[in-house]
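*Asks:* Here is a sequence with its predicted model. Questions after.
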Amino acid sequence: MIQSIDYYAVAPLLILALTAGLVLVLDAFLPRRPYVRPALGAVTLAGVVGALAVVVSQALRTGDPLRTFCVPEGLLGSPHAAIGAIASPSTEQTATPAAAAPCSFVVDDFTLVFAGLALAAGIVVVLLSAAELAFGDIPVGEWYFLLLCTLAGAVALPASRDLIMLVVALELVSLPVFALTALRRYDGRSSEAAVKLFLVSVVSTAVMLFGVSLLYGTTGTVYLDRIAQALQQRVLGAPGLRLVLDDADTAYGSALQIGYDLPAVVTVAVVLVLAGFAFKIAAVPFHAWAGDVYQGAPVPVAALLSVISKAAGFAGLILILVVALGGQSAIWVPLVAIIAALTMTVGNLLAMRQRHAVRLLAWSSVAQSGYILAPLGAGRPEAMNASIAYLVFYAAMNLGAFAVVTLVSRRSGRGELDDYRGLAFRNPAAGPALAFFLICLAGLPPGLAGLFAKIVVFRELLSGGGGWLAVVMAVNTVAGLYYYIAWVVRIFTPATEGTETAGRAAGWIPAGVAIAVAGIVAVAFSVAPQLVLDLVPGALIAAG
Amino acid sequence: MSWLLIALLGVPLAGAAVLLVPSGADTAARERLLRVHGPAVSGVTFALSVVLAAAFDHGDAARAQFVTDLAWIPGLDLSFHLGVDGISLPLVVLTTLLTFLCFVYLCRGRADGPGQLLSPGRGGNRPRALVFTLLILEVGMIGTFLALDLLLFFVFFEVVLIPMYFVIALWGGRARRAAAIKFILYTLLGSVVLLIGLLIIWSQTGTLDMTALAQARGTGMSRPVQIIAFLAVGIGLAVKTPMWPLHTWLPDAHTEAPTVGSVLLAGVLLKMGTYGFARIAIPVLPDGAAAMAPWLGAFAVIGIIYGSLACLAQRDLKRMIAYSSVGHMGFVLLGFATLTPAGINGALFGNIAHGLITALLFFVAGAIKERYGTSDMPALGGGMLTHLPHLGSLLTFACVASLGLPGLAGFWGEMLALLGAFEPAAGLSGPLYLVFMALGGLGTVLTAAYFLLMLSRVTHGRSTETVHVPLLAAATTDALPSTGPTGSEDAALESGAGGKEDLPGGGGGTHPPGAVSAGRPRMPDVMGYELAAWVPLIALILLFGLWPKALLLLTDPVVRTLVGAP
């Protein structure tokens, strides 16, 4: 059997992969000249822009979602043919057209939003890398190769519609980041950060794989929509339980009943998968790695971790929870709500105490994870749209903040908050820009992007069943403002003594461009937030 | 689509945006330009609001006029919906007037005059940033009063936070950092609670249109939902108003803010909270309002008594005026709590009157603080009427207006609020409101007591020699040339740079105490630019005191439709 591949659907991935290879080859064979570093950066940038162009062209296309890597007709057997599967009492229901040939790779609105987000963020990260790499203590070819691999993973992940592809893509996002973190040699902090990230990530992957294997074991399929069907049939198939399910419309009401209908092992699987992803998105109680890793890693890598890697984690989480386990929302909705509340609270409390810029951003991005997670805890299927919208707003604001931090931390090595004293006078462009990004993150005008992002989440919480979560988030918004505004005031306070350290000036152009790009996007999102709300997929995720 | 309302918001916004353009001019030229720019922009805005008031159809004040309704964010149901009616029109004019007067005050005087923050040489005042901040603040204040969309109202409500924070934190007095952070955290907490309330209304009714919601009079919302929403909206607005016991941010913010900051804070920002009660809480949630009104009244009365007692205990002049705001806002809230046309009219009248009177009080108090270098009442000594007769008289006038002397603007609001409490709306407990009325009456007596006590301490009596650091005396004697704008600019920037918490940034505290001239300080009495800023307020206080109908004719039709009275 020959599987046909839709190369247009996978084109962004191919472009990224080929560019990655090209960069490695060019690095090996080009002579060691000063122009090589910017040239490799330019090649990488071209690759990312090319992939983004393909994603945009896919988005402009109308029609059915693109599907590829489907199971060929001839191999279609019973969907429950796997070993140890629950014997399904009725197989007639599988005859729906979508279920005819399950596909592993689907390009729909959901995929395009996340792929576009990852690639647009990738452009900023590449620009920041060019600024970071200007000094030559980091090998260039390897850096860009690893960066492109991560981006390929981040593009592949939201398109995945089976568990195996999902795990592989998630690892493709994670693995290169360990190396990127440690790539600055002879730096104790980054080595420590890399080891920490590696250990945490491996443990979380193991936990998640255990959960995934349990899911596969109970349902006998790896395709997300098939899992949903199998679990659904299991409930519907048992006689006399229809009524229970009808009663169980509200998310919270029915945990016990469904728990009896399905083997308890499904609950275990859901919890384990959730825990695995909680590591990736640095949700409490699996958040402790964030501070050290962000601080130890080069700043562009911290930006990558806080936006691209986090977006990938959320994409996977949403895919598994909404597509595969949508029927089991009674199990995971309360869990997610509690995790969200804890994450935002702990993140904000930790951020309040920080004196180091990147560490503060690390904990603040933990808190922001809580806001992104919160709508999923409200228990409506449409809730993921609010999460995605917040994620897009957050990406623009956070990347902007990291861009300015990159620029400043190159000038003064310490990266303390006090180094930002009087930034608005030393650098009349970067200072106000950073102030704007921080106020956006705090969610106050003039940073309307952040304000509207929060309104979207609040609205979802109050329309769903998350009133208490809205109150927790309200208190957290105030707590968050405390440390953001303290930083903003430093920017506008004249420096007392000579904090103006003669720093290394090279590489300010790409950093400046990155700030400008993020700034323009954040201002555009502030003036016309509808841009983001239009991006968010109207319909639910297409089946595999 | 009405160009007038768009222009009201657009002119200050454009004026602020122009300041962002970097200019190559030297400091002196830029400063001269700035001194024209601020009054010009705010003057045009004020003129526009006067045009608005003239073009307003006074025969149909209950209808929202000059309506502009543009889709902004369909995904959030948020439309750019502006309009003006009898409630919002006076507040819009008040806002533009006070902003204009603040700029006149800031820009017309000599660079070394009291309260002059626009001279770049002294203490790193950053005049351009101050003008920018004040103009953005004006956009937020006007927008709040014009918005007819719940979320748009919220957005403008939030716009004022950051500029006001910076006005306090950068140009404030000694403890400005703590005061500013307290202000913004407190009010943001109020704002998010308000947001939750607004979104509850939205999720129940599916619309954000205030006029439609007010016409629906709560249909579509069950009584418990209305009560919850009223609680959330009410608490959010009460923080801003401020209502006892949510007022604790106010005294610090007022005391530390520079004069223009105090004026705008007391004159306009507090009104945004009470305006929200009249615009959203009471008309949109009538059942919730009816259920919670006794509580609102109780807190209002406690605020009146508490504010007056706190005033009696104050030593600091600005702090005393701040606490007096708590008391006066208590009367406004009591008026709302009666849910009768008389009470709500009284509340709205008291709102405007408080804006005018307290703005004047803060202007005068700021002038006193600039001259004496302190606003501590024992340190001020007495006998202001002998050595600063005009300033002393103005202070007396403002205090008398504030304590509610008949014939001045402060009287009508309190009187109508108490009258409303005498005969509250049907369904509210009569005896309870009688108690409220009695306590409110006691409050007016206490108000008179603390103001007269203050006057007897400050303006009357024998002047003492305990005057501390008479700044202006120093500035007008020989010390002046050495701290001129050109002389030691860098030194002044360095020492007053605001990095050190112990230096008052706004007060021009760079003068060493040693520069105090010996003997009786020669302090200038009221100056021309001060008079220019204050006379309009005095005139309006007299006008509304003698002819209250000028305002009541505007508000009464709206109030009657809001509470559904014939």
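*Replies:* Sure thing, it's come through.

*Asks:* Give me the neighbour count for the residue nearest to B:Arg223 when sequence neighbours are not counted.
*Replies:* Spatial nearest neighbour of B:Arg223, excluding adjacent residues (C-beta to C-beta, 6 or more residues apart in numbering or on different chains): B:Asp287 at 4.8 Å. For glycine as for every other residue, the C-beta is placed from the backbone atoms N, C-alpha and C. Neighbour count for B:Asp287, taken as other C-beta atoms under 10 Å in any protein chain shown: 18.

*Asks:* swap in the one 10 residues further on?
*Replies:* Neighbourhood size, B:Gly297 [other C-beta under 10 Å]: 31.

*Asks:* what helix or strand is it on?
*Replies:* Secondary structure here is read from DSSP states H and E; on that basis B:Gly297 sits in helix B:286-312.

*Asks:* Please apply the same query to B:Val67.
*Replies:* Per DSSP H and E: strand B:65-73 holds B:Val67.

*Asks:* Which stretches in chain A count as strands?
*Replies:* A:66-70, A:103-107 (DSSP state E).

*Asks:* Get me the contact residues on the stretch 101-250 of chain B for chain A.
*Replies:* Contact residues, the stretch 101-250 of chain B versus chain A (C-beta under 8 Å from any C-beta of the partner chain): B:124, B:129, B:136, B:140, B:151, B:155, B:158-159, B:161-162, B:165-166, B:169-170, B:177, B:181, B:184-185, B:188-189, B:192-193, B:195-196, B:199-200, B:202-203.

*Asks:* List of residues touching the strand holding B:Val67?
*Replies:* Residues from elsewhere that reach strand B:65-73 (C-beta atoms under 8 Å, 6 or more residues apart in numbering or on different chains): A:452, A:528-530, A:533, B:1-2, B:4-6, B:52, B:55-57, B:78-85, B:148, B:152.

*Asks:* Is it possible to mark the buried ones in those residues?
*Replies:* With burial judged by 16 or more other C-beta atoms under 10 Å in any protein chain shown, the buried subset of those is A:452, A:529-530, A:533, B:2, B:4-6, B:52, B:56, B:78-85, B:148, B:152.

*Asks:* residue of the stretch 1-150 of chain A with the smallest distance to chain B?
*Replies:* The nearest approach of the stretch 1-150 of chain A to chain B comes at A:Val113, 14.1 Å away (C-beta to the nearest C-beta).

*Asks:* my read: that residue touches A:Leu535, true?
*Replies:* Yes: using C-beta atoms under 8 Å, A:Val113 is in contact with A:Leu535, at 5.5 Å.

*Asks:* Among the residues of the stretch 101-250 of chain B next to chain A, which are located in helices?
*Replies:* Residues of these located in helices (DSSP state H): B:129, B:136, B:140, B:151, B:155, B:158-159, B:161-162, B:165-166, B:169-170, B:177, B:181, B:184-185, B:188-189, B:192-193, B:195-196, B:199-200, B:202-203.

*Asks:* where does the stretch 151-300 of chain B have low pLDDT?
*Replies:* Along the stretch 151-300 of chain B, no part satisfies pLDDT under 70.

*Asks:* Number of residues surrounding B:Val44?
*Replies:* Counted by other C-beta under 10 Å, the residues lying close to B:Val44 total 18.

*Asks:* ignore the last one, B:Leu543
*Replies:* Residues near B:Leu543, counting by other C-beta under 10 Å, number 14.

*Asks:* and chain B, which residues reach chain A?
*Replies:* Counting by C-beta under 8 Å from any C-beta, chain B sits next to chain A at B:22, B:72-76, B:124, B:129, B:136, B:140, B:151, B:155, B:158-159, B:161-162, B:165-166, B:169-170, B:177, B:181, B:184-185, B:188-189, B:192-193, B:195-196, B:199-200, B:202-203, B:493, B:497-500.

*Asks:* contacting residues for the residue nearest to A:Ser309 when sequence neighbours are not counted?
*Replies:* Excluding its sequence neighbours, the residue lying closest to A:Ser309 (C-beta to C-beta, 6+ apart) is A:Val173, at 5.8 Å. A:Val173 is in contact with A:150, A:153-154, A:157, A:308-309, A:312, counting by C-beta under 8 Å, 6+ apart.

*Asks:* One more: B:Ala365?
*Replies:* B:259, B:262, B:317-318, B:321, B:375, B:395.

*Asks:* Among these, which one lies nearest to chain A?
*Replies:* Closest approach to chain A among the contacts of B:Ala365 (C-beta to the nearest C-beta): B:Ser262, at 20.1 Å.

*Asks:* Just list the residues touching that closest one, thanks.
*Replies:* Contacts of B:Ser262 by C-beta under 8 Å, 6+ apart are B:254, B:318, B:322, B:362, B:365-366.

*Asks:* Apply 7 Å and report the result again.
*Replies:* Neighbouring residues of B:Ser262 by C-beta atoms under 7 Å, 6 or more residues apart in numbering or on different chains: B:254, B:318, B:362, B:366.
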